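K.L.:
output the structure for:
(one chain, ligands or ions: 2)
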Amino acid sequence: MNKVETTSTQILHNSEKNENTTTLWMDLKALLKVGIINSNVMTAFAGFWLALYFTGASFTDHLVTLLFAMIGTALVIAGACVLNNYYDRDIDPVMQRTKTRPTVTGSIPLAYILLLGILLSILGVVLLALTTIQAAIFGLIGWFAYFVLYTIWSKRRYTINTAIGSLSGAVPPVIGWTAVEPQLDIIPIALFLIMFIWQTPHFLALAMKKSEDYRKAGIPMLPVVYGFPITKRQIVVYVACLLPLPFYLYSLGKVFIILATLLNVGWLILGVRGFYSKDDLKWAHGMFMYSLFYLTIFFISMVLLTFLPVVS
Ligand code: HEM
Ligand SMILES: CC(C)=CCC/C(C)=C/CC/C(C)=C/COP(=O)(O)OP(=O)(O)O
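P.N.:
Residues are numbered from 1 along each chain as shown. Ligands and ions are numbered 1, 2, ... in the order given. Below you'll find the predicted structure:
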């Protein structure tokens with residue numbers, strides 16, 4: 001084979017290989033739900049950081065703890081997400097949003113996916129146990145709440161599935177805190193409550209957008225069973241319940257309280273406007289996008305504000 005032919009064959013082979021590599025990477029990202037893992041590790045880090053700050057523990061003395069806590073949290077969440085996708089392999093083909101997952105396309109053998117979910121979960125809990133036993137226990141609680149109480153028990157049966165799923169998503173900040181300070185106090189409890197309440201508007205807005213998909217898959221999300229008006233009311237009530245919660249974090253200072261309250265009031269105004277909106281799906285998309293903006297600003301500002309000379 002002459003030089004030119006070899007080169008062009010190689011280019012073709014490399015581009016196919018590259019495509020397969022990209023496809024495998026995209027499959028793994030979808031399987032692990034990397035977007036949800038990243039943001040849950042962010043809330044776990046905030047819990048970790050605030051534990052250092054309020055106990056006066058040194059950051060440099062806790063570098064290994066930080067590594068085990070963050071990687072452990074990511075792995076136990078990844079394991080739960082992989083097992084959730086494995087369990088939902090019968091309904092995911094029905095929904096536009098989930099039908100390209102490897103559990104549906106078969107691009108990764110199901111046996112490997114099941115094994116991966118189990119191994120990631122075990123490894124994650126072991127790493128958390130290397131910080132404190134309390135962090136490992138909360139990791140197990142989050143895993144159980146997500147994979148057993150939400151995915152297996154409530155997701156396909158009850159509209160309250162979202163509140164049950166929220167128990168799991170509220171655990172990561174507590175994992176981060178207890179990796180440093182096994183004793184709970186008002187700070188991790190407030191972070192748990194904020195995450196618990198935040199998830200319902202975050203998800204119900206999305207459930208409105210995807211309600212036809214969920215109806216086809218037979219999943220009893222609130223907007224599927226009771227319609228948009230009730231869902232909009234629930235979303236606004238939950239957002240209103242966020243208003244008092246930043247005041248439990250008063251020890252973070254006035255700047256944080258003002259910022260967090262502005263975030264809450266902004267979300268509430270956007271929520272109430274939904275009662276007068278002509279385009280429910282556009283409004284729901286705005287509420288969902290605001291939930292991600294809220295989460296990021298809320299948790300990053302908590303950490304950054306501890307660098308202020310005096311947290312006033
Ligand atoms: C009841 C609990 C929750 C439910 C039902 C839920 C559901 C969802 C769904 C279905 C999506 C769309 C994913 C897709 O496009 O395939 C999503 C996206 C997202 N969720 Fe949640 N979620 C919950 C809790 C959380 C928590 C606790 C966090 C973070 C701390 C979070 C962060 C995100 C992020 C960052 C995205 C956008 C990135 C992505 O699509 O991967 N969610 N959520
Ligand atoms: C410590 C620990 C394990 C914490 C769990 C953190 C976590 C994964 C929170 C998200 C919870 C949730 C209900 C996600 C949606 O699943 P879904 O099945 O409704 O989403 P899908 O339709 O996209 O599959």
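
K.L.:
and for residue 90, the neighbour number?
P.N.:
The local packing of residue 90 (other C-beta atoms under 10 Å) involves 11 other residues. Placement of C-beta: from N, CA and C, glycine included.

K.L.:
for the residue in the stretch 1-150 of the chain positioned nearest to ligand 2, which non-adjacent residue is closest in space?
P.N.:
Nearest to ligand 2, among the residues of the stretch 1-150 of the chain, is residue 142, at 2.4 Å (C-beta to the nearest ligand atom). Among residues not flanking residue 142 along the chain, residue 171 sits closest, at 3.5 Å (C-beta to C-beta, 6 or more residues apart in numbering).

K.L.:
cool, and residue 277?
P.N.:
With C-beta to C-beta, 6+ apart as the criterion, residue 277 has its nearest non-adjacent residue at 4.2 Å, and that residue is residue 283.

K.L.:
so the host helix or strand of the one you found, near ligand 2 or not?
P.N.:
Residue 283 belongs to helix 280-304 when assigned by DSSP states H and E. No - using C-beta under 6 Å from any ligand atom, we find that helix 280-304 stays clear of ligand 2, coming within 11.8 Å at best.

K.L.:
list the buried ones in that helix?
P.N.:
Going by neighbour count (16 or more other C-beta atoms under 10 Å), the buried part of helix 280-304 is 280, 283-284, 286-288, 290-291, 294-295, 298-299, 301-303.

K.L.:
tell me which residue is most central in the protein.
P.N.:
The centre of the chain sits closest to residue 36, judged by C-alpha atoms, centre = their mean, with a distance of 3.8 Å.

K.L.:
and the pLDDT for residue 277?
P.N.:
Residue 277 is assigned a pLDDT of 93 by the prediction.

K.L.:
in the stretch 1-150 of the chain, which spans are strands?
P.N.:
Ranges of strands in the stretch 1-150 of the chain, per DSSP state E, counting those that start in this stretch: none exist.

K.L.:
any weak-confidence spans in it?
P.N.:
Counting by pLDDT under 70, the stretch 1-150 of the chain shows low-confidence ranges at 1-22.

K.L.:
list the contacts for the residue lying closest to residue 285 once chain neighbours are set aside?
P.N.:
Leaving aside its sequence neighbours, residue 285 sits nearest to residue 209 (C-beta to C-beta, 6+ apart; 5.9 Å). Listed by C-beta atoms under 8 Å, 6 or more residues apart in numbering, the contact set of residue 209 reads 281, 284-285, 288.

K.L.:
can you tell me which of those residues comes closest to ligand 1?
P.N.:
Nearest to ligand 1 among those is residue 288, at 7.9 Å by C-beta to the nearest ligand atom.

K.L.:
what parts of the chain come near ligand 1?
P.N.:
Contact residues (C-beta under 6 Å from any ligand atom) of the chain with ligand 1: 33, 35-36, 39-40, 43, 97, 162, 165-166, 169, 195, 199, 202-203, 206, 292, 295.

K.L.:
just the buried members of those residues?
P.N.:
By 16+ other C-beta under 10 Å, the residues of the chain next to ligand 1 give 33, 39-40, 43, 162, 165-166, 169, 195, 199, 202-203, 206, 295 as buried.
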